[in-house]
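In: The following block contains a protein sequence and its predicted model.
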Amino acid sequence: MEKFDIFCILQLLGGLAFFLYGIYVMSAGLEKIAGGKLEKILKTMTSNPTKGLVLGAAITAIIQSSSAVTVMLVGLVNSGIMKLSQAIGVIMGSNIGTTITAWILSLSGIQSTNVVVRMFKPESFTPILALVGVLMIFAAKSNKNKNVGSVFLGFSILMTGMIFMSTSMEPLSHSEKFINLMTLFNNPIFGVLVGTVITAIIQSSAASVGMLQALVMKVDMTYSMALPIIMGQNIGTCITAIISSVGVNSNAKKVAVVHVTFNIIGTAIFLCIFELGKLLFNIPILNQNINPAGVAILHSTFNIATTIMLFPFIKQLENIANFLVKDTKTKKEEVVFLDERLLLSPELATIEVNQKVIEMAKLVKNNVLYATKQLKNFQPRKADVINKNEQLIDLFEDKMENYLVKASNKELAQETSNSIARLLLIIGDYERIGDHAINILNIAEEKKNKEMEFPPELIEDIRTIVGAILEVVTLTTHAFSKNSNELALRIEPLEQVIDRLVLKAKNRHIKRIQYGECPIELDFLISELFNDFERISDHCSNIGASILKANDLTIDKHEFLKQLKSYNNKDFSKTYDEYKEKYSLV
């Protein structure tokens, strides 16, 4: 091979590298800017296929990668968060959302002598955009502005890669061998195969479309030649989903199957329509040379038309996936706890962790309920249930903390970073509540083994405190699962009442010890029991404060609680008096 040819290939590969890195930087910046907005979009997800379609298009447009969206879908289905039927609509939407990239790249094909029009050419504005992006990254004080700078810089790198690829293909327009090779694209099957293989190799339909747009700027290619290549690119982009489906459960594998089936069926039908149309009708535009804007038009038209055609057959696509991938789940199959594929989008990862924290909270609430009941009547079987739940609670804490640490190592929007920090604190508080439930269980077991009996007055005090403890734990669980400020505002007043109850019960217990009305050997157990009650309510208070101050991160937690408990806070005083009247020691 001639040295000049090698130089062109190196320039093409270098341009492709710039292009792929530019997409990465730009999409990362866009995702950070989206921040909580992406979470709000995801919360709208229902079994309604139309909403899924819009959702898929929106998220893909935000993160500029249909492959990343499909990988996340595999993770969501693998974790059981989403059903296959929900994922199909999102897959279809992602095929539409990914066409945005081609329209951005079509700016490279602008041809005009007009100064104003030429300003829209990437060669004209890319250097300025890169300069602005770099200045924003280094000089901006807010993370939002830095993220906008990253988008500008990523776009500039992407366009620079596009220019490099286009320049590297210049010699091809004068090569007789390549011109002869182009005649092979008159065979649509060959075009589909080329589009599929190239896209599968680089694992990016956006980059593959960009290469095609760079090629048509330097080499004569007709609409008739380009359309089969675009069809093949849609099939080739499925390779990422196929790779991601390795090692997942059968439902997650079906996501990849649906993605491949959807694109193959769409390509097969439209390829037949395309060939039949050429035979029956004289369509002049098919023999005209295509430009980058024409590639964008074909890409959008094909993807939108395929979606419209197959959208009514979502159930049939699901049936095909069920037929091709048999359910092999057994009782011994390991259930996926947190799927690391979702770390592609840290915002999505925090949503999954939030759902798991709700599950953990319910386990903790049940353990507090079961453990306090053991004080009255210890039952070994129920104790086994509590201990097994505690093992699950510890597993939840370990898995979720490790997962969040991995998520925190990603480039994050400030809102996502704050969410991770908040979740880590809440997970720690729930784990400690679980530990105190085990302490209460151990106290109940020791009381049973040593055949100790609590004095009747102490039993009444404990019954009142336990009632308040169960209410504050339940209230905290509901407040977190519903993300309700209204419920969270009731936690701190009740916690204050519990502190008052425990203090009064301790003093009464000390007097009983002094007057010989309570065995001295019970003193340690009862002191520990009261401490556990107090600490459970304290951790509930911490969780309530985390919920309330989620939207006001400038206030220190202790200062926040101080303001909440202020005597000037009428709502706090009213709720406190309400609980004070409800829970009082006779």
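Out: Yes, it's here.
In: Going by C-alpha atoms from here, please, whenever you check contacts or count neighbours.
Out: Will do.
In: if I pick the closest residue to Gly15 other than its chain neighbours, what's in contact with it?
Out: Nearest residue to Gly15, sequence neighbours excluded (CA to CA, 6 or more residues apart in numbering): Gly161, at 4.0 Å. Residues near Gly161 by CA atoms under 8 Å, 6 or more residues apart in numbering: Gly14, Gly15, Leu16, Ala17, Phe18, Phe19, Gly22.
In: Now render these as TSV, adding secondary structure and distance to Val197.
Out: Formatted as TSV, these follow (DSSP: H, G, I helix; E, B strand; the rest coil; distance: CA to CA, whole Å):
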residue	secondary structure	distance to Val197
Gly14	helix	20
Gly15	helix	19
Leu16	helix	16
Ala17	helix	18
Phe18	helix	21
Phe19	helix	19
Gly22	helix	22
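In: neighbour-wise, which of those residues leads?
Out: Phe19 (27 neighbours; other CA atoms under 10 Å).
In: rewinding a little: relative to Gly154, how far out is the residue nearest to Gly15?
Out: 11 Å (CA to CA, to the nearest Å).
In: any shared contact partners between the two?
Out: Between them, Gly161 and Gly154 share the contacting residues Gly22, judged by CA under 8 Å, 6+ apart.
In: what separates the residue nearest to Gly15 from Gln11, distance-wise?
Out: From Gly161 to Gln11 the distance is 9 Å (CA to CA).
In: Show residues contacting stretch 295-314.
Out: Contacts of stretch 295-314 (CA under 8 Å, 6+ apart): 85, 88-89, 92-93, 95-96, 99, 102-103, 106, 209, 212-213, 226-227, 230-231, 262, 266.
In: Can I get it as CSV, trimmed to CA atoms?
Out: Below are the C-alpha coordinates for stretch 295-314, written out as CSV (Å, rounded to 0.1, in the frame of the first residue of the first chain):
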residue,chain,number,x,y,z
VAL,A,295,-28.3,11.4,4.6
ALA,A,296,-30.0,13.0,7.7
ILE,A,297,-33.4,13.1,5.8
LEU,A,298,-33.1,9.4,4.8
HIS,A,299,-32.0,8.4,8.3
SER,A,300,-34.9,10.2,10.0
THR,A,301,-37.5,9.1,7.4
PHE,A,302,-36.5,5.5,7.6
ASN,A,303,-36.4,5.4,11.4
ILE,A,304,-39.7,7.3,11.9
ALA,A,305,-41.5,5.2,9.2
THR,A,306,-40.3,2.0,10.7
THR,A,307,-41.5,3.0,14.1
ILE,A,308,-44.9,4.1,12.7
MET,A,309,-45.3,0.8,10.8
LEU,A,310,-44.3,-1.5,13.7
PHE,A,311,-45.7,0.4,16.7
PRO,A,312,-49.1,-1.3,16.5
PHE,A,313,-47.3,-4.7,16.6
ILE,A,314,-45.6,-4.3,20.0
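In: now that stretch, how far from the centre of its chain.
Out: 26 Å (CA atoms, centre = their mean, to the nearest Å).
In: for stretch 474-484, same thing?
Out: Worked out by CA atoms, centre = their mean, stretch 474-484 lies 22 Å from the chain centre.
In: and the closest residue to Ala321 other than its chain neighbours, what element?
Out: For Ala321, ignoring the flanking residues on the chain, the nearest one in space by CA to CA, 6+ apart is Lys254 at 5.3 Å. Using DSSP states H and E, Lys254 maps to helix 250-280.
In: In this protein, which residue is most central in space?
Out: Geometric centre of the chain, nearest residue: Leu348, 1.1 Å, by CA atoms, centre = their mean.
In: so how far is Ala57 from that one?
Out: Distance of Leu348 to Ala57, given as CA to CA: 16 Å.
In: Check His299 too.
Out: From His299 to Ala57 the distance is 15 Å (CA to CA).
In: domain ranges for the chain?
Out: Split into domains by automatic domain parsing, the chain comes to 14-324, 345-582.
In: Looking at those domains, which is nearest to Asp339?
Out: Counting by CA to CA, Asp339 lies closest to domain 14-324 out of the domains of the chain; the figure is 5.4 Å.
In: okay, how far is it across the closest one, tip to tip?
Out: Its start and end residues considered, domain 14-324 measures 40 Å (CA to CA).
In: How about stretch 306-318?
Out: Stretch 306-318 has its terminal residues 17 Å apart, counting by CA to CA.
In: Quick check: buried residues in it?
Out: Buried residues in stretch 306-318, counted by 16 or more other CA atoms under 10 Å: Thr306, Thr307, Leu310, Phe311, Ile314, Leu317, Glu318.
In: I'd like the distance between Lys218 and Ala437.
Out: In terms of CA to CA, Lys218 sits 72 Å off from Ala437.
In: brain fart, Val90
Out: Taking CA to CA, one finds Val90 at 43 Å from Ala437.
In: that older thread, in helices, which of the buried residues of stretch 306-318 fall?
Out: Secondary structure from DSSP state H places Thr306, Thr307, Leu310, Ile314, Leu317, Glu318 of the buried residues of stretch 306-318 in helices.
In: Now for the chain, the helix or strand with the poorest mean pLDDT.
Out: Here the helix or strand of the chain ranked lowest by mean pLDDT, DSSP states H and E is helix 115-118, holding a mean of 54.
In: need the next SSE after it, C-terminal direction.
Out: Remark: after helix 115-118, the chain's next helix or strand is helix 122-139, criterion DSSP H and E.
In: one step back: with pLDDT added, can I get the contacts of Gly161 in CSV?
Out: CSV is the format used below for the contacts of Gly161 (pLDDT from 0 to 100):
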residue, pLDDT
Gly14, 83
Gly15, 79
Leu16, 78
Ala17, 84
Phe18, 82
Phe19, 76
Gly22, 80
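In: thinking again about what came up before, in terms of helices and strands, where is the residue nearest to Gly15?
Out: Here Gly161 sits within helix 143-168, counting by DSSP H and E.
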